[in-house]
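3D model of this:
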Amino acid sequence: MRALVMDGFGSADQAKLGELPKPQALPDDLLVRVTAASVNPVDWKEMAGYLAQVYGEYGTWAPGFDACGIVEEVGANVSGFAKGDRVVLLADRREGPQSGTLAEFVRVPARLAAKAPAQASDAEVAAIPTAGITGYQGLFRPDVGTLKAGESVLILGASGGIGSFSVGYAHAAGARVAAAARDVNLDYVRSLGADLAIDYKNEDVAAALKKWAPGGVDHLLDAGTGGNQPGILDMIRDGGRLVIVATYVNDADIEKLTAEGSKRGIAVHYLILDLATLRQDLEATATLIDQGKMKLPELTVYPLDRGAEALAAQQKGGVRGKLVVTID
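This is a model prediction of the structure:
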């Protein structure tokens, strides 16, 4: 099968269009023909070797965790799916090199897939899993404190993949939403549902937020700085919640922030995507989309033979919305 292929580890632009063996579905799996796959920061970090200590040796492999596709084969132990179903999925690299989604086919454990929302294109569906569900869990996962209607939330890194989804989720939940982004992205985050858009390059984020939420916000989701935003705890009300999305490469001293937060009754959470609830979170997202309750992120789309460009653009940073690779 055609795939974007890496030989060992290296920079994002080293991925080349090539061939890999077509994977075979095991009893608990789905074999999916990929129509679109999205790119995330974790991809270039994996390609650089940051995840080798978790997943072991790679050899020749295809990057990519997220995809939309059509079920080609259903494993013998799998129920709830049929050949021809359009699905959204998040591949698990522990299943081996054949689990990369920047390829014509992917094998995925059925527990990491769900029916795709009907009211979204293949490219929009492919953008959901890593960024969308990380944002969803950062706002609604019970152990981090569920965001409720009427509460206030600040989203840092609001124009990126996780941030874009998070603004949409928070707006759909009926929360008051403040979003920090670069000046060129302020109208964009407003279009997703932000009530207040703060230019973090040219404004004092804390000062702008204080005018809007004098006592601090109920919930702060940091999808941009790894907890390094100056005065981050001062922007949260006593008794509020801080959720920091793991970056793996630029995280603040979480233990120190947790200790300081506890003195004010602020719960500090270091967020890593939890696969245990992935399917139900994907299903909840699909319901919101099909009911027309949230706007999806802006997409920049590449064909598979330009997939390395998408990976390099993600590594460079400054991406608005999501980068998606289509596979014909």
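
So which residues of this protein form helices?
Ranges of helices in the chain, per DSSP state H, are 41-47, 52-55, 122-126, 133-140, 161-172, 186-192, 205-212, 254-262, 278-290, 307-316.

Please identify the deepest-packed of those.
Most buried of the helices of the chain by mean neighbour count (mean count of other C-beta atoms under 10 Å) is helix 161-172; its value is a mean of 28. C-beta here means a position set from N, CA and C on the backbone, and glycine is covered the same way.

what helices or strands is it leaning on?
For helix 161-172, the elements it packs on are helix 133-140, strand 152-156, strand 176-181, helix 186-192, judged by 3 or more C-beta pairs under 8 Å, 6 or more residues apart in numbering; DSSP states H and E.

Provide a list of residues in contact with G227.
L242, I244, D251, A252, D253, I254, L257, Y270 (C-beta atoms under 8 Å, 6 or more residues apart in numbering).

Give me the domain ranges for the chain.
Taking automatic domain parsing as the reference, the chain has its domains at 2-127+297-326, 131-271.

looking at this protein, which residue ends up farthest from its center?
K263 (31.0 Å; C-alpha atoms, centre = their mean).

From A91, how far out is it?
Noted for K263: a distance of 41 Å to A91, by C-beta to C-beta, to the nearest Å.

now the domains of the chain in JSON lines, with mean pLDDT and distance to T277?
Listed next are these as JSON lines, based on pLDDT from 0 to 100; distance: least, C-beta to C-beta, whole Å:
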{"stretch": "domain 2-127+297-326", "mean pLDDT": "92", "distance to T277": "10"}
{"stretch": "domain 131-271", "mean pLDDT": "96", "distance to T277": "7"}
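
Look up phi and psi at the residue nearest to G100 when sequence neighbours are not counted.
Spatially, and ignoring its direct neighbours in sequence, G100 is nearest to A62 (2.9 Å; C-beta to C-beta, 6 or more residues apart in numbering). Here is the backbone geometry of A62 (degrees, to the nearest 10): phi -110, psi 130.

can you pull the contacts of A62?
Shown in contact with A62 (C-beta under 8 Å, 6+ apart): A3, L4, V5, M6, L20, P97, Q98, G100, T101, L102, A103.

next one: F81
Contacts here follow C-beta under 8 Å, 6+ apart; on that basis F81 touches L30, V71, V74, V87, A110, A113.

ok, so of these, who is nearest L299?
L299 has its nearest neighbour among the contacts of F81 in V87, at 18.9 Å by C-beta to C-beta.

list the contacts for the closest one?
Taking C-beta under 8 Å, 6+ apart, we find V87 in contact with L30, V32, C68, G69, I70, V71, F81, A113, A114, K115, A116.

quick one: it from L112, how far?
As judged by C-beta to C-beta, V87 and L112 stand 10 Å apart.

Dump the helices of the chain to a markdown table, plus distance to S11.
As requested, the helices of the chain are exported to a markdown table (distance: least, C-beta to C-beta, whole Å):
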| stretch | distance to S11 |
| --- | --- |
| helix 41-47 | 7 |
| helix 52-55 | 15 |
| helix 122-126 | 23 |
| helix 133-140 | 24 |
| helix 161-172 | 20 |
| helix 186-192 | 29 |
| helix 205-212 | 32 |
| helix 254-262 | 28 |
| helix 278-290 | 29 |
| helix 307-316 | 7 |
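
How about G224: what's its closest non-neighbour residue?
Using C-beta to C-beta, 6+ apart and skipping residues adjacent in sequence, the residue nearest G224 is G157, 2.2 Å away.

How about A213?
S152 (4.9 Å).

quick one, what contacts that neighbour?
Neighbouring residues of S152 by C-beta under 8 Å, 6+ apart: A175, R176, V177, A178, W212, A213, V217, D218, H219.

hang on, the earlier thing: what subset of the contacts of G227 is buried?
With burial judged by 16 or more other C-beta atoms under 10 Å, the buried subset of the contacts of G227 is L242, I244, D251, A252, L257, Y270.

Assess the claim that the fifth one and H269 are in contact.
This means L257. No: under the criterion of C-beta atoms under 8 Å, L257 is not in contact with H269, lying 10.2 Å apart.

can you list residues touching both of the two?
Residues touching both L257 and H269 comprise L242, I244, with contact defined as C-beta under 8 Å, 6+ apart.

thinking again about what came up before, and the furthest pair within the contacts of S152?
Across the contacts of S152, the longest distance by C-beta to C-beta is 14.1 Å; it joins W212 and H219.

I figured L233 was touching T258, is that so?
No: the pair L233 and T258 fails to qualify as a contact (C-beta under 8 Å) at a distance of 10.3 Å.

Now the residue nearest the centre of the chain. Nearest residue, chain neighbours left out?
For the chain, the residue whose C-alpha lies nearest the mean C-alpha position (C-alpha atoms, centre = their mean) is A131; its distance is 1.0 Å. Of all residues not flanking A131 in the chain, G161 sits nearest, at 3.4 Å (C-beta to C-beta, 6+ apart).

that older thread, contacting residues for the residue nearest to G224?
Neighbour list for G157: G163, A180, A181, D222, A223, G224, T225, V245 [criterion: C-beta under 8 Å, 6+ apart].
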